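S.K.: Generate a structure from the sequence data that follows.
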Amino acid sequence: MTKRTRTILFIICLVLFLIVAPSVIFYSQGYRIDFETKKISQTGALFLKVWPKNVEIYFDGKLKKKTDFFFGSTLIENLLPKKYKVRVEKEGYFTWEKELEIKEKEVVDFKNIVLIPKNPNFKILGKEISAFYFSPDGKKIILKEIEEDKWALKLYDPERNVKSHLVDEGDISKVGVELFNLKFSPDSKKVLLEVGLKERIKYYNLEIDKMPPVLTESELPLPPVDERSFISTPRSARVIEDIVTYQTINENIYYLDNSGHLFKVDERSFISTPRSAWVNEERLTEKSFSVKPETKYELFIFKDHIFLREDKILYLLNFSSKSFEKFLEPINSLKISPDSKKTVYFSDFEIWIFYLEEIYDQPQKKADERVFLTRFSTEIGEVFWYTAHYLIFNVGEKIKIAEIDERDRINIVDLAEFKDPRIFFNKTDKKLYILTEGSLYSSENLLP
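M.R.: So this is what the prediction gives:
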C-alpha cells in the first residue's frame with residue numbers, strides 16, 4: 001500500500017469519525033431527529049405498571065411492547081416529544097387507553113393501571129333476601145330473609161359457604177316486630193339490633209360468636225353511626241343524653257353535643273366513668289354549630305380532617321377558627337381510600353376526590369385539593385374503593401368501575417347490569433356482592 005493510499009484512507013476514517021462521533025454522542029444523550037417537524041429534539045419516556053401482567057402496549061394502533069411477566073411493568077424510552085394514543089390490552093379484559101403527551105427529558109408515569117375483567121362470573125348465594133350486612137372484618141354476612149312473611153337473620157360464611165340460623169322475629173316477640181337497623185361491633189363478634197315493637201323502639205345485643213347465639217335486651221345506645229364506632233357497654237356506664245353523634249379514632253372519642261360543640265375525650269374515660277369524672281376532655285370548637293332537631297348527623301375523621309355531615313350538607317372543621325365551615329352540598333357520603341391518602345365523596349349525580357395529603361407520584365396533587373371525577377344523568381347508588389386508584393359503583397342498574405387518574409380522560413367500564421341493585425365490594429375477598437330482586441349474588445375474585 002502506497003503512502004498516498006494510506007493518506008487517503010486516514011482522511012476518510014477521520015471524516016467518518018468526525019461525522020459519526022457527534023451522532024453517537026447526540027444519540028446517547030437522547031437526541032433524535034423528528035422528521036415531522038424537521039427538528040432535533042431530546043426524547044422522553046413512558047413507564048407503565050399494569051395488573052394483570054404480560055399485557056400488550058400499543059402506540060397509535062401499533063404494538064410497541066409487552067409488560068414483563070414478573071412485575072407487570074415496562075419502560076418505553078426514546079420517544080419523540082409529542083402526543084401518542086396509548087392502548088393497553090389483554091384478552092378477557094377491558095381496554096385501557098389515553099392520549100398522552102411525552103415531553104423532552106421527562107418520564108410520564110402510570111404505575112397504577114388495573115384492567116377490569118370482562119363478563120365476570122356471578123353465583124347466587126341465597127333467595128328471599130331483603131337485606132344483607134357485612135361484618136367489619138369482611139368474613140361474615142348477616143342475611144335478612146323473609147320466611148312466611150316474617151323476617152329471620154342468618155349468618156353466612158362466604159369462605160366456607162356455610163349458612164346458619166341466628167334469630168327471627170319470633171325470638172323477640174310473638175306479635176309483629178320490625179327490624180329497623182343492624183350494626184356490628186368492631187370485633188365482628190356482636191350485633192346491635194334496633195327493632196320496632198308495639199309502637200316502641202327497642203334494642204337487643206346478639207352475640208353471634210357463641211353457639212347458640214345469645215340474644216339479650218339492651219338499653220338505649222348512643223346515636224347509631226358506622227360499625228367502627230359501636231361500643232357495646234351498659235347504658236349506665238356511657239350514655240350521655242345530649243350527644244348528637246360520635247366517632248372513635250385511635251382510642252379517642254370525638255362527639256358533637258346538643259350545644260353544637262365538638263369534644264374529644266379518652267375512650268376509657270368515656271366508657272367507664274361519668275362525664276363529671278372524665279380526664280383530658282378537650283373542646284375542639286369555639287364557635288357553636290347550630291344543631292337542628294330530628295336531623296341526621298355523622299362525623300367522619302380522616303387524619304387531621306374532621307368532617308360533619310348534616311343530612312346532605314358536608315362541613316369541614318377549620319382548625320384556625322375552630323368552627324365548622326360548609327364544604328359541599330349536596331352529598332350522600334364519603335369514604336377514605338385504602339391508602340388513607342384521599343377520600344371519595346358523592347352526591348346523587350356526581351363523584352369527587354378530595355386529597356388529604358400531598359401526592360408526589362404522578363399525577364401530583366396538593367393537600368386539600370378537590371378533583372371533580374365524573375357526572376351522570378342517572379342517579380348514583382353506592383360507591384366503594386375498588387383499589388386505592390379505582391372506584392366501583394352503580395349508576396341505576398349498571399355497575400361501573402372507574403379510575404381516578406383524570407389525565408386526558410378517565411377510563412370507565414360497565415362491569416355488569418342488574419335490576420335495582422344494592423352493592424357491596426368486600427376488600428377482604430375482593431368480590432362484589434349484589435342484592436337484586438330478593439336474590440344475593442357474589443362475583444368471582446376481581447383482583448389479585
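
S.K.: okay, CA-based contacts and neighbour counts for the rest of this
M.R.: Noted.

S.K.: burial count for residue 304?
M.R.: When counting by other C-alpha atoms under 10 Å, one arrives at 9 neighbours for residue 304.

S.K.: and what of residue 161?
M.R.: By the criterion of other C-alpha under 10 Å, residue 161 has 8 neighbours.

S.K.: repeat for residue 173
M.R.: Going by other C-alpha under 10 Å, the residues that sit close to residue 173 add up to 11.

S.K.: if I look at it, how far off is residue 217?
M.R.: Distance, residue 173 to residue 217, using C-alpha to C-alpha, to the nearest Å: 12 Å.

S.K.: for residue 125, same thing?
M.R.: The spacing between residue 125 and residue 217, counted by C-alpha to C-alpha, is 31 Å.

S.K.: Neighbour count: these two, which is higher?
M.R.: Of the pair residue 125 and residue 217, residue 125 is the one with more neighbours under other C-alpha under 10 Å, namely 17 against 13.

S.K.: could you give me the average pLDDT of the helix or strand encompassing the more buried one?
M.R.: For residue 125, the element it lies in under DSSP states H and E is strand 122-126. Averaged over strand 122-126, pLDDT sits at 95.

S.K.: And for stretch 369-381?
M.R.: For stretch 369-381, the mean pLDDT works out to 97.

S.K.: Tell me which residues of it come out buried.
M.R.: 370-371, 373-374, 380-381 (16 or more other C-alpha atoms under 10 Å).

S.K.: try stretch 390-408
M.R.: Buried residues in stretch 390-408, defined by neighbour count with 16+ other C-alpha under 10 Å: 390-405.

S.K.: Give me the contact list for stretch 145-154.
M.R.: 127-131, 142-144, 163-169 (C-alpha atoms under 8 Å, 6 or more residues apart in numbering).

S.K.: and the chain, what are its domains?
M.R.: 1-42, 44-114, 232-318 (automatic domain parsing).

S.K.: Quick check: which of those is nearest to residue 416?
M.R.: Checking the domains of the chain against residue 416 by C-alpha to C-alpha gives domain 44-114 as the closest, at 12.5 Å.

S.K.: gap between the two ends of the closest one?
M.R.: 24 Å.

S.K.: still on that earlier bit, and the buried residues of stretch 369-381 as CSV, adding secondary structure and distance to residue 45?
M.R.: Putting the buried residues of stretch 369-381 into CSV (DSSP: H, G, I helix; E, B strand; the rest coil; distance: C-alpha to C-alpha, whole Å) gives the following:
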residue, secondary structure, distance to residue 45
370, strand, 29
371, strand, 26
373, strand, 27
374, strand, 29
380, strand, 38
381, strand, 40
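
S.K.: okay, those in CSV with distance to residue 314 next?
M.R.: Shown next, in CSV, are the buried residues of stretch 369-381 (distance: C-alpha to C-alpha, whole Å):
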residue, distance to residue 314
370, 14
371, 16
373, 18
374, 19
380, 18
381, 18
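
S.K.: excluding its backbone neighbours, what's nearest residue 425?
M.R.: residue 432 (4.5 Å; C-alpha to C-alpha, 6 or more residues apart in numbering).
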